[in-house]
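>>> Make a model of this:
(chains A and B)
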Protein chains: 2
Amino acid sequence: MSVTRYEIRPGAYADSIVLMHLQSSLAAIEGVEDAGVVMGTPANLELLDANGLLHPDLKAVAADDLVLVVRAIDEPTAVGALGEVDSLLAARRSESGADFRPHGLRSALRLLPSASVVLISVPGRYAATVAHEALDRGRHVFLYSDNVELTDEVALKEKGRDAGLLVMGPDCGTAILAGVGLGFANRVRRGRIGLIGASGTGLQAVTSGIHALGGGVSHAIGTGGRDLSEAVGAVTTLQALDLLGRDQTTEAIVVISKPPAPSVASRLLGAAAGVGKPVVIQFIGHPTPPRAQGNLHFSTGLSETARRAVELLGEPGEDQIESRPGYLRGLFAGGTLALEAQQSLAGLAPLHSNVPILAAEPVADLSRSSGHTILDLGADEFTVGRLHPMMDQDLRLRRLRQESDDPETGLILLDVVLGEGAHPDPASELGPAIADVCKTGGAEVVVLMVGTDADPQGLDEQRVRLEVAGAKVFDDVSEGLAWVAARLAVGSAVVGERVAPSSLEPPLGAINVGLDSFYDSLVEQDAEAVQLDWQPPAGGDERMMALLEKMR
Amino acid sequence: MSVTRYEIRPGAYADSIVLMHLQSSLAAIEGVEDAGVVMGTPANLELLDANGLLHPDLKAVAADDLVLVVRAIDEPTAVGALGEVDSLLAARRSESGADFRPHGLRSALRLLPSASVVLISVPGRYAATVAHEALDRGRHVFLYSDNVELTDEVALKEKGRDAGLLVMGPDCGTAILAGVGLGFANRVRRGRIGLIGASGTGLQAVTSGIHALGGGVSHAIGTGGRDLSEAVGAVTTLQALDLLGRDQTTEAIVVISKPPAPSVASRLLGAAAGVGKPVVIQFIGHPTPPRAQGNLHFSTGLSETARRAVELLGEPGEDQIESRPGYLRGLFAGGTLALEAQQSLAGLAPLHSNVPILAAEPVADLSRSSGHTILDLGADEFTVGRLHPMMDQDLRLRRLRQESDDPETGLILLDVVLGEGAHPDPASELGPAIADVCKTGGAEVVVLMVGTDADPQGLDEQRVRLEVAGAKVFDDVSEGLAWVAARLAVGSAVVGERVAPSSLEPPLGAINVGLDSFYDSLVEQDAEAVQLDWQPPAGGDERMMALLEKMR
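I've put the predicted structure just below:
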């Protein structure tokens, strides 16, 4: 019958790789059936339980206790295995301790002054301190560590922004800088596509896809999963967009992440619209606008993102659409068009609608627009005892004049839907009204036209008459909305110090603080690298650390 | 100085077209500056106010009062204009009263027994009664009227479903049946694309786009904006999918709507997956899965929807992927891949995740899967004091065995991410574990592989070893997820009576109850049509109607 024996080492720090190898070594001892070597977190205890390794005594351990469990064929084997732990640990240490390793960042940087980035993969609670020091010493930070406090992330990124340094992370799995993969990264050829990714495997899948299609990567910059939250405000993403926009190697840019906070989305899309290069954007799990808006190309899948980035390399730059100030006022007869407009213009803020979707807010007053406003004039609240605006244009004509009189209006967007049942000649009424608006020189008028050459009103004739009146007319809805989006896009000013592209020129030098395997990988890639022999303050003893903290 | 005079006609019913013409006629009288003829709803009163037509006395009118307002250069003109109202109304009535018009649906159907559809555009509160009668007489209903109660919609659609009849609407703006446009519809050539649309202008934009690209439309079936709500349960959309699936003219199908309720989405996607023809789906304002899953093609814009529908006509049918029972268990190392999987598999229910997005729910227990489950094993809760699963596969190997032991598991989905920093040979550990799973013959194993031919682990070698172990391996993430989606798709059984395609064969006969202009349009399209001379019960007198109701 199997017996299970355990050992608890309170507050003992050990590198995760060491734990993994220790567990494998214990499990490999003859007569040992299974072994667990984990920090005592609830999730880890559940896992021990699921594998029949949870001794009842272990339920009380703390998250920073090291837990060692062995299940073996008999008691002497189990006890003997646990007795091997220290010699197994010592063997591992001597194995990896061949070369000289500095103990502090200052001495590491004296060994490799050309290092432009510091990789940090120490446990989360120690990581911010190391990252602050790296920034203070003028180096970019690749922060692999997770479980880092949000307040620490904000403080680090603000420091980085003011110093022109990137803080990639925390919880950043992947980056490729100047051809060198940091953390988890696929080997891809260097090339002309720059990437920005809030999370690691997204970047890995897309860079791998680009490589498979024959393309290459200039830089792939990880930002960490919280960068696009309201609290962090996309600091790293905006820095990276600005950097890749100015980077001469980069010709097309990919941004891939979970959906940004609404307040951040607008700034991000504005910055991307102003970057002067094609940008492929994939927000996973977020509604996607129609596929292109000016230089912005929206993708819905990792494979598609890679394919489009490669395709865009061959394409000439988009015609620049000059942006103009003022608010959008959308006066729609078609409900679906009012929705598609909100989706396409989701980057505008504040955006109000009587049929709000996504980040749009309900209109406070149906009879007065405020900020950007998109109205479905065919919605129930406008049509009780009244014909639909596709037949009766009275309401829309009055509203058109009202919006034109509002000095805050920059662009009035109308749909004109032809066909059976609709007004027999919409241009006869809309034309003069549009001409009045355009004469004042205030707002411009854009018309999205839906119809066919067989429609009784005559698509071409209607279009020409509206154009003569002064409207810009599109008979492709998506194309028209893309034009409006570009017209209203406001590029975001770069705040703080800009990141110098030269700091990422090859050859890349890096200091690694944490996981040995990341250092090994740098060396294998022929990057210049130094491994720090990092140990937690006070050997990881929580009480001693608290004491030290107080004595500062 | 202008003077404003008004008249209120309590509870007076008038057709909206009559109101529009009356308002234009009043405004055209010499000396009249502006006129308003509206039902006294709050929105209409606001509009009168915005146009300087709201006399203070009018603030107290009821929503079913007819309000007539005239602003003129002097009092005699204003009073004189209001005095013209009855003769203007009488002139209008005699103008349109030329041909014989039956007063009831029964006599209308005697005149045109071949009519297969009844168009209803009477005011919302009367519409349900007319629609019930049309269904009772075995006809499809095109219900243009808005402001119809949800409970009435549910009752009508259930009646229609049990009788094999379509209830298109309420608030259905558009349909094209057998080449004849109902309500608002563009003139498009007949062809091989069938459409289903929850709202009108979406259908109009896409049918127009298809026509412009040289394609044509078999049927375009409107459903009304609430059809995909939980309360209605997509009755009409599901009927229409089934109908177009069996319709011999239709070779590709388009579904376009606002996002469905989560409980409805799964049934809808299941039905679409089982329809046996390519389906282009556009949910406006909803996250879009990668662009293709089996026969389902997701689009993000109206123009794209039209283009893809036309493109799909030329394509051979997709290879049918046989579906299989059992739950999905996704064990991911890559967080982004876990998110993209949720997006691609959003049709599955119940779907649980430790990183839930969209309709997925949080897992109740990290250590046990239930229903469909997608886990990001690299999330913080799994990695405290433990290496990332991309390096340390122990957790995943144990979980793989656990899921395999669960008889409810049908498909285990893994990602394998190669490259720098990752496990040097994942297949060495995963291969034997996958072989064990496959040997039991229970669950099947699908692997999404991310990597390049330059990665140290060797992409091809890793793939072959996992395939030999028995896994189905994809190195295109979207393609793999599409395969899994199709594999797990469950077609929905048709409930109720199926709609007979023959009922929509040309030539289409129709009875019109309500707006004259819809009748005119039917006649112009050479459809066989009869206009009903509809009047509200008791002349629209609310008290009298209530009395009549009690006497039944």
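>>> For the residue sitting furthest away from the middle of chain A, give its distance to A:Y6.
No residue in chain A sits farther from the centre than A:P76, which is 53.1 Å out by Cα atoms, centre = their mean. Here A:P76 is placed at a distance of 16 Å from A:Y6 (Cβ to Cβ, to the nearest Å). Using the backbone N, CA and C atoms, a C-beta is placed for each residue, glycine as well.
>>> what's the answer for A:E479, then?
From A:E479 over to A:Y6 (counting by Cβ to Cβ), the distance is 67 Å.
>>> higher neighbour count, those two?
When neighbours are counted by other Cβ atoms under 10 Å in any protein chain shown, A:E479 and A:Y6 differ, and A:Y6 comes out ahead with 19 against 16.
>>> quick one: what helix or strand has that one in it?
Following DSSP states H and E, the helix or strand that holds A:Y6 is strand A:3-9.
>>> Go through that strand and flag the buried ones.
Within strand A:3-9, the residues that count as buried by 16 or more other Cβ atoms under 10 Å in any protein chain shown are A:T4, A:R5, A:Y6, A:I8.
>>> Which of these sits closest to chain B?
A:I8 (13.4 Å; Cβ to the nearest Cβ).
>>> hang on, the earlier thing: also near chain B: which of the buried residues of strand A:3-9, exactly?
Taking Cβ under 8 Å from any Cβ of the partner chain as the test, chain B is in contact with none of the buried residues of strand A:3-9.
>>> A:L268 reaches A:L228, doesn't it?
Yes: with contact defined as Cβ atoms under 8 Å, A:L268 counts as touching A:L228 (7.0 Å).
>>> one step back: any idea what the residue farthest from the centre of chain A is structurally, helix, strand or coil?
In terms of secondary structure, A:P76 is helix; the call rests on DSSP: H, G, I helix; E, B strand; the rest coil.
>>> still on that earlier bit, identify the contacts common to A:L268 and A:L228.
A:A234, A:T237, A:P260 (Cβ atoms under 8 Å, 6 or more residues apart in numbering or on different chains).
>>> Out of those, which comes closest to chain B?
For the shared contacts of A:L268 and A:L228, the closest approach to chain B (Cβ to the nearest Cβ) belongs to A:P260, at 13.6 Å.
>>> mind listing what A:I253 touches?
With contact set as Cβ under 8 Å, 6+ apart, A:I253 has these partners: A:193-196, A:241, A:244-245, A:272, A:275, A:277-280.
>>> ditto for A:R398
Neighbour list for A:R398: B:L47, B:A50, B:N51 [criterion: Cβ under 8 Å, 6+ apart].
>>> sec struct for it, please.
Recorded secondary structure, A:R398: helix (three-state DSSP).
>>> all strands for the stretch 251-400 of chain A, in order.
A:252-257, A:279-283, A:292-293, A:296-298, A:327-332, A:351-353, A:361-362, A:372-376 (DSSP state E, counting those that start in this stretch).
>>> number of nearby residues for the residue nearest to A:L48 when sequence neighbours are not counted?
Leaving out its chain neighbours, the residue that sits closest to A:L48 by Cβ to Cβ, 6 or more residues apart in numbering or on different chains is A:L54, at 4.4 Å. By other Cβ under 10 Å, 20 other residues sit near A:L54.
>>> What of A:I29?
A:I29 has 16 neighbours, counted by other Cβ under 10 Å.
>>> That one and chain B: what is the separation?
With distances defined as Cβ to the nearest Cβ, to the nearest Å, the gap from A:I29 to chain B amounts to 16 Å.
>>> Give me the distance between that residue and A:H55.
A:I29 sits at a distance of 19 Å from A:H55 (criterion: Cβ to Cβ).
>>> Can you classify A:V141 as helix, strand or coil?
Reduced to three states by three-state DSSP, A:V141 is strand.
>>> There's contact between it and A:V117 in this structure, I believe.
Yes: under the contact definition of Cβ under 8 Å, A:V141 touches A:V117, with a separation of 7.2 Å.
>>> The stretch 301-450 of chain A: helices as residue ranges?
The residue ranges that make up the helices of the stretch 301-450 of chain A, judged by DSSP state H, counting those that start in this stretch, are A:302-313, A:335-344, A:380-383, A:394-405, A:426-440.
>>> Low-confidence stretches in the stretch 351-500 of chain A?
A:490-495 (pLDDT under 70).
>>> quick one: contacts for the residue of it found nearest chain B?
Relative to chain B, the nearest point of the stretch 351-500 of chain A is A:G385 (2.4 Å; Cβ to the nearest Cβ). Taking Cβ under 8 Å, 6+ apart as the criterion, A:G385 is in contact with B:S16, B:L19, B:V38, B:M39, B:G40, B:T41, B:N44, B:A63, B:D64, B:L66, B:P123.
>>> which residues sit in contact with the last one?
Going back to what we said before, that points to B:P123. A:G385, B:Y13, B:S145, B:N147, B:P536.
>>> does the third one really touch B:V122, like I thought?
Meaning B:S145. Yes: the pair formed by B:S145 and B:V122 meets the contact definition of Cβ under 8 Å, at 6.0 Å.
>>> that older thread, pick the one among the contacts of B:P123 closest to B:Q402.
B:N147 (54.7 Å; Cβ to Cβ).
>>> Contact partners for the residue nearest to that closest one when sequence neighbours are not counted?
Computed as Cβ to Cβ, 6+ apart, the closest residue to B:N147 that is not its neighbour in sequence is B:G124, at 3.2 Å. By Cβ under 8 Å, 6+ apart, the contact list for B:G124 reads B:S145, B:D146, B:N147, B:V148, B:P170.
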